[in-house]
Structure formats: structure tokens, C-alpha cells
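S.K.: prediction below, plus the sequence it came from.
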Amino acid sequence: MKINKLMPIAFAGIILLTACAKKTDTTTSVSFSTTPAMTATISGVAWSGDNVSATSASIGTTNVLNISGYSYATGNSVALAVPDNVTPGTYTVNGSTYTLTYNKNSSTYYIASSGTITITNYANSYINGNFQGTVVNTKNASDKVTITNGTFTAKVQ
């Protein structure tokens, strides 16, 4: 008889303890930079873009996202092009869908012959990632430049 009278009290105690238990948040938040920046090592020399942007454009029936950085100090710029609906992942530079270009002193143009572009985040109007590759002078195929350690963060316009 005493057991039957204690059951409701024990049950209430268990409910109270369960209700007061600390809950652990199982969601994870991804943090990413929102400060526009583009950096790389170009032919072994550190480079940083002062003016960084990402703009969406239509080329024929294809929508492309152009991500570029320009250095006022050197006149050099680096540009990437990816589909505007790109998702996080690593992509091989192929000269059409995924491109990497380098403009030296605003006068000598280079296009990637090999390389990769990695998109680490594309959300809330910001895109972040990494890039590397070998670019070739468009007028002199023996003039090659190596770009390593490339990183970018840009607000998509």
C-alpha cells in the first residue's frame, strides 16, 4: 500500500529532474569572414588585393560569378569565374566554367593552364574560398606564373 502512495511522488520527482536537465544544443554554426579580401603568393611574392568584388553576370545563357581583386600598389589583379549557383567544393580550373586569370601591371594577361578553385562557403551574399594554379601569358606561352595560397572573401553584388 505504501508503494502505491509513493509512486506518484517518485514519478513527479523524475519529471521535475528531467525538466530541469540541461539541454545540449546539437546544431553547429558555421563561421566565415565577411570582410572583402583576396590574397595569394604570385611567383613566390605575397600579393594582396585592395579592391575585391564579386559580381554576377550573364554570358549568353550562362550565369557566371566573377570574383576579382586588384592591387593599387602593383597594378596587378587576379580574377576567378565560377557558375553563379556554385556550391561548396573543389573544382578544377578548365578555362570555361571555372577560370583563373592574372593581369600583370594592367598590361600582360595570363590565363590558367591548370589549378583549382575551392568554394568553402557561399551564403548570405558572401562567398569564401581558396585558389591556386599556373597561369600562362596569352602572348607568350613560355611565360608562366605560379599562383599559390590564394584566398578570397567577397560580397556578391
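M.R.: Looks like it arrived, so ask away. Residues are numbered from 1 along each chain as shown.
S.K.: elements contacting the helix or strand where residue 132 lies?
M.R.: For residue 132, the host element (DSSP states H and E) is strand 126-137. Here strand 126-137 touches strand 99-104, strand 108-123, strand 144-155, going by 3 or more CB pairs under 8 Å, 6 or more residues apart in numbering; DSSP states H and E. Backbone N, C-alpha and C define where each C-beta goes, glycine included.
S.K.: quick check: which of these is buried the most?
M.R.: strand 99-104 (a mean of 20; mean count of other CB atoms under 10 Å).
S.K.: measure how that one sits relative to strand 126-137, angle-wise.
M.R.: Interaxial angle of strand 99-104 relative to strand 126-137 (axes from the mean of the first three to the mean of the last three CA atoms, to 10 degrees): 70 degrees.
S.K.: avg pLDDT for strand 99-104?
M.R.: Strand 99-104 carries an average pLDDT of 97.
S.K.: closest to residue 46 out of the helices and strands packed on strand 126-137?
M.R.: Across those, the minimum distance to residue 46, taken as CB to CB, is reached by strand 144-155, at 8.6 Å.
S.K.: who does the strand holding residue 132 pair up with?
M.R.: strand 108-123 (antiparallel), strand 144-155 (antiparallel) (DSSP bridges).
S.K.: between these, which one is nearest to residue 135?
M.R.: Set against residue 135 and scored by CB to CB, the strands paired with strand 126-137 come closest in strand 108-123, at 3.6 Å.
S.K.: give the contact list for the spatially closest residue to residue 52 that is not a sequence neighbour.
M.R.: Of all residues not flanking residue 52 in the chain, residue 36 sits nearest, at 4.1 Å (CB to CB, 6 or more residues apart in numbering). Contacts for residue 36 (CB atoms under 8 Å, 6 or more residues apart in numbering) come out as 52, 53, 153, 154, 155.
S.K.: now the end-to-end length of stretch 85-100.
M.R.: 18 Å (CA to CA, to the nearest Å).
S.K.: typed the wrong thing, it's stretch 102-112
M.R.: 8 Å.
S.K.: and for stretch 92-107?
M.R.: End to end - CA to CA - stretch 92-107 spans 26 Å.
S.K.: what's the answer for stretch 84-95, then?
M.R.: Using CA to CA, the span of stretch 84-95 from its first residue to its last is 16 Å.
S.K.: average pLDDT for that stretch, rounded please.
M.R.: Per-residue pLDDT values over stretch 84-95 give a mean of 96.
S.K.: in it, which residues are buried?
M.R.: For stretch 84-95, burial by neighbour count (16 or more other CB atoms under 10 Å) applies to 84, 86, 91, 93.
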